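> starting from these lines, generate the structure:
(2 chains)
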Amino acid sequence: MNLTKEEGAMAEGKYGPGIERCMQLLTKYGEAFGAEKLVNIASAHVFNAFPIDLLTELAEGAGEAGTFTTLHPFMSLCDPLSCNEMGISEDYFSIRKDEHEQRLKIYERLGFLQTYTCAPMFIGNLVKKGDFVSWFGSEIQLFANSVIGAKQNREGAVVNMATAITGRSPYIGLFFDENRYGEFLVEIEGLDLDLLTTIDYSAIGYYIGGIVQDRNIVIDGLNNTITLDDIKHLLTSISASAATVLCHIVGVTPEAPDLGRALGNKKPKEKIRVGKEELRQTKAMYSNLPSDRVDLVILGCPHCTIQELKRMAVLIENQRVGTGQRLWVGTAHQIYDLAQTMGYSQTIEEAGGIFARTCMATIPDCPIPADVKTVATNSFKTAHYVDRISKGRIRVAVGELEKCVHAAIRGKWEGA
Amino acid sequence: MKLKGRVVNKGNIEGEAIVLEKPFSFTGDFDPSSGTLIIKDHPLFGQNIANKVLIIPTGTGAVNAAIGVYRAYKKGNAPIGIICRKADPITVECAMTINIPLMDCFDKDPIEMIKSGNRIKILGEEGVVIIE
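Numbering: from 1, shown residues only, chains lettered A, B, ... in the order given. Sure, this is the predicted structure:
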């Protein structure tokens, strides 16, 4: 691989053993996929629950990170601001709190921003079309490529951390224009586009994600009036089971003004259609609970936008989360602060809702209260993970935000 | 018997093979806290891959797979080498994170040639796998 003089010095340990280890990892990883050089990246977003010893190793001797970097949410509900209220035991939390305090010292040295959100593009980590980026989280990797038109490879937490620390990424894969054309065409057929709801878009995404594997997607046949919140839910649902990070939405994605250009004027390798039946089958996977009783409502996968918090506040004003019920809402604290200025946060909290800066998809990865046997959520990704992580012990229903808020108030699931 | 392939991450090791015929995920098919395979309804369900050589077509792991593999490695539950038909980015990252040998792109299909339980050697300097 051809390194610049500066990169050569980094690789030889001139900037400390951490940078040296990161460069070794990035060059070897790049070479495995044919990289001839590294490129500078415009921004990074990194996993927060990194093992301490591995983080220490990668950051040893390093100063300010090589690029602007934000942090992913707390995992296992271990947000110091909310875990008590959520009923996470002190014993479980205290070990993780200590680990987090050790990480904080490293973050401060590297200059990482304490954002604790999975949607950093909504709070100031935004890039432009064509920028090379390294964002952790499969749903925002999809967002970077498919909504912004930035260039993001599917990469894991360790390569991503090495990239943030050095500011360099191997020039491979989706960084090349010719690798960005669609391969897997999804034709939307027989749906009334003007009536599609957030859950419809999410179900379309979840259906596609179950089939596509690692191929670049093209979705043809959606209205370009689709809202950003709906696109976010569509892409997040794809990311629950797919291994791709590029989904052209014709008429929306900057590189896909029309179908021909999305496909690079070639024939797709595979074509599927999504219509009423596919939508019905997908929604039916998470439509019912055994007794209609809802123990926990989870909103915020991905983290809620200010628009969603406003809708929630309107729905729950002057009402209360039912006795024995719970409403957990994931959002960035920067969005929470804005919602507080507007009065939404207080409305939701006074009704009994709890805010957290945690991952809302992987919740049973920690000892949540034992009486939680049923969950309602507006996210197929949450449903997918809660079902798998709890090995089916917790039953999950997916429905619109409005239905979920009603379920939190009444403690009953009244259908999607 | 000898297979020749591409060295993605170097290293020389010798150990028992465990062969999976389907794309493998370190996040969904493997429990880092015990080192066992947790693939539902699979004949190798419950088998341990700790200190073995993992033979897979390719990987399908999530973007946090290398974190789980690192935790497994710290507990002595990780494989000591990986052989793929064609390595995917996440599997490459996993191997590099714990610095174990990884090879792919062989002259013969490793999934067909190697059986679970075979003793194999990876000669990661020469790009050779020996099945004993």
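
> need the contact list for residue 132.
Looking at chain A here, since you left the chain open. The neighbourhood of A:F132, defined by Cβ atoms under 8 Å, 6 or more residues apart in numbering or on different chains, consists of A:V39, A:N40, A:I41, A:A42, A:A150, A:K151, A:Q152, A:S169, A:F175. From N, CA and C alone the C-beta is placed, and that goes for glycine too.

> hm, I was asking about chain B
B:N118, B:R119, B:I120, B:K121.

> now swap in A:Y15 and tell me
So A:Y15 contacts A:A9, A:G61, A:A62, A:G63 (Cβ under 8 Å, 6+ apart).

> try A:G130
A:G149, A:A150, A:K151.

> just to revisit the earlier point, among the contacts of B:E132, who's most crowded?
Most neighbours among these, by other Cβ atoms under 10 Å in any protein chain shown: B:I120, with 24 neighbours.

> how much space between the nearest residue to A:E20 once chain neighbours are set aside and A:H45?
Of all residues not flanking A:E20 in the chain, A:G13 sits nearest, at 4.1 Å (Cβ to Cβ, 6 or more residues apart in numbering or on different chains). Distance of A:G13 to A:H45, given as Cβ to Cβ, to the nearest Å: 27 Å.

> for B:E132, same thing?
Relative to A:H45, and taking Cβ to Cβ, B:E132 is found at 46 Å.

> partners of the lowest-mean-pLDDT helix or strand in chain B, with directions?
Using mean pLDDT, DSSP states H and E, the weakest-scoring helix or strand in chain B turns out to be strand B:30-31, at a mean of 92. Counting by DSSP bridges, the strands paired with strand B:30-31 are strand B:36-37 (antiparallel).

> A:E255: what's it in contact with?
Counting by Cβ under 8 Å, 6+ apart, A:E255 has contacts A:G149, A:R180, A:H248, A:R261, A:A262.

> quick check: the second one touching A:Q152?
No: shown here, A:R180 and A:Q152 do not form a contact pair, counting by Cβ atoms under 8 Å, at 10.5 Å.

> could you pull out the residues contacting both of these two?
Listed as contacting both A:R180 and A:Q152 by Cβ under 8 Å, 6+ apart are A:N145, A:L174.

> follow-up on the earlier one: the contacts of A:G130 into a markdown table, with extra columns for neighbour count?
Shown next, in a markdown table, are the contacts of A:G130 (neighbours: other Cβ atoms under 10 Å in any protein chain shown):
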| residue | neighbour count |
| --- | --- |
| A:G149 | 17 |
| A:A150 | 25 |
| A:K151 | 26 |
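
> now, which of those residues sits nearest A:A332?
Taking Cβ to Cβ as the measure, A:A332 lies nearest A:A150 of the contacts of A:G130, at 19.8 Å.

> hmm, the closest one is touching A:K129, no?
Yes: under the criterion of Cβ under 8 Å, A:A150 makes contact with A:K129 at 6.6 Å.

> thought A:N153 was touching B:P89, still the case?
Yes: the criterion here is Cβ under 8 Å, and B:P89 meets it with A:N153 at 7.2 Å.

> separation between A:D365 and A:Y92?
Taken as Cβ to Cβ, the span from A:D365 to A:Y92 is 11 Å.

> next one: stretch A:332-348 to chain centre, how far?
Put simply, stretch A:332-348 sits 21 Å off its chain's centre (Cα atoms, centre = their mean, to the nearest Å).

> neighbouring contacts of that stretch?
A:81, A:115-117, A:119-120, A:122-124, A:303-306, A:309-310, A:312-313, A:316-317, A:327, A:329, A:331, A:355, A:357.

> buried residues in it, which are they?
A:A332, A:H333, A:Q334, A:I335, A:Y336, A:L338, A:A339, A:Y344, A:S345, A:T347, A:I348 (16 or more other Cβ atoms under 10 Å in any protein chain shown).

> quick one: the strands in the chain?
Let's take chain A. All strands of chain A, identified by DSSP state E, fall at A:38-40, A:43-46, A:69-71, A:133-135, A:168-170, A:184-188, A:217-220, A:247-249, A:270-274, A:296-299, A:326-330, A:353-356, A:374-377, A:395-398.

> let me rephrase: I mean chain B.
Using DSSP E, strands in chain B cover B:2-4, B:6-9, B:12-19, B:30-31, B:36-37, B:53-56, B:81-84, B:102-104, B:119-123, B:128-131.

> other residues contacting the fifth one?
Spelled out, that is strand B:36-37. With Cβ under 8 Å, 6+ apart, strand B:36-37 has contacts from B:L20, B:D29, B:F30, B:D31, B:L44, B:F45, B:G46, B:Q47, B:N48, B:I49.

> what of the fourth one?
Taking Cβ under 8 Å, 6+ apart as the criterion, the residues outside strand B:30-31 that touch it are B:F24, B:T36, B:L37, B:I38, B:I49, B:G68, B:A72.

> repeat that for 6 Å
B:I38 (Cβ atoms under 6 Å, 6 or more residues apart in numbering or on different chains).

> excluding its backbone neighbours, what's nearest the closest residue to chain B within the stretch 201-350 of chain A?
Closest to chain B within the stretch 201-350 of chain A is A:A243: 5.7 Å, counting by Cβ to the nearest Cβ. Leaving aside its sequence neighbours, A:A243 sits nearest to A:D214 (Cβ to Cβ, 6+ apart; 4.2 Å).

> for residue 15, give me the pLDDT.
Assuming you mean chain A. A:Y15 is assigned 97 on the pLDDT scale.

> not quite, go with chain B.
Confidence score, pLDDT, at B:G15: 98.

> also the one 4 residues further on?
The predicted local distance difference test score for B:V19 is 97.

> for chain B, what lies in contact range of chain A?
Residues of chain B lying close to chain A by Cβ under 6 Å from any Cβ of the partner chain are B:8, B:60, B:63-67, B:70, B:90, B:92-93, B:96-97.

> select the longest helix from chain A.
When chain A is parsed with DSSP state H, its longest helix is helix A:90-110.

> count of neighbours near the nearest residue to B:G15 once chain neighbours are set aside?
Excluding the flanking residues, the one nearest B:G15 by Cβ to Cβ, 6+ apart is B:V53, at 4.8 Å. Close neighbours of B:V53, defined as other Cβ under 10 Å, add up to 26.

> and B:V53, how far from chain A?
According to Cβ to the nearest Cβ, to the nearest Å, B:V53 and chain A sit 19 Å apart.

> doesn't B:A78 make contact with that residue?
No: using Cβ atoms under 6 Å, B:V53 makes no contact with B:A78, being 11.4 Å away.

> joint contacts of the two?
Counting by Cβ under 6 Å, 6+ apart, nothing touches both B:V53 and B:A78.

> that older thread, what about A:R180 and A:Q152, which has more around it?
A:Q152 (26 against 20).

> OK, contacts around the more buried one?
A:V133, A:Q141, A:A144, A:N145.

> and the residue nearest to it when sequence neighbours are not counted, what pLDDT?
Of all residues not flanking A:Q152 in the chain, A:A144 sits nearest, at 4.1 Å (Cβ to Cβ, 6+ apart). A:A144 carries a pLDDT value of 98.

> from chain B, how far off is A:A144?
13 Å.

> which residues touch that residue?
With Cβ under 6 Å, 6+ apart, A:A144 has these contacts: A:V133, A:W135, A:A150, A:Q152.

> for the last one, give its distance to chain B.
The reference is to A:Q152. 11 Å.

> equivalent analysis for the first one, please.
Applying Cβ to the nearest Cβ, one obtains 14 Å for the distance of A:V133 from chain B.
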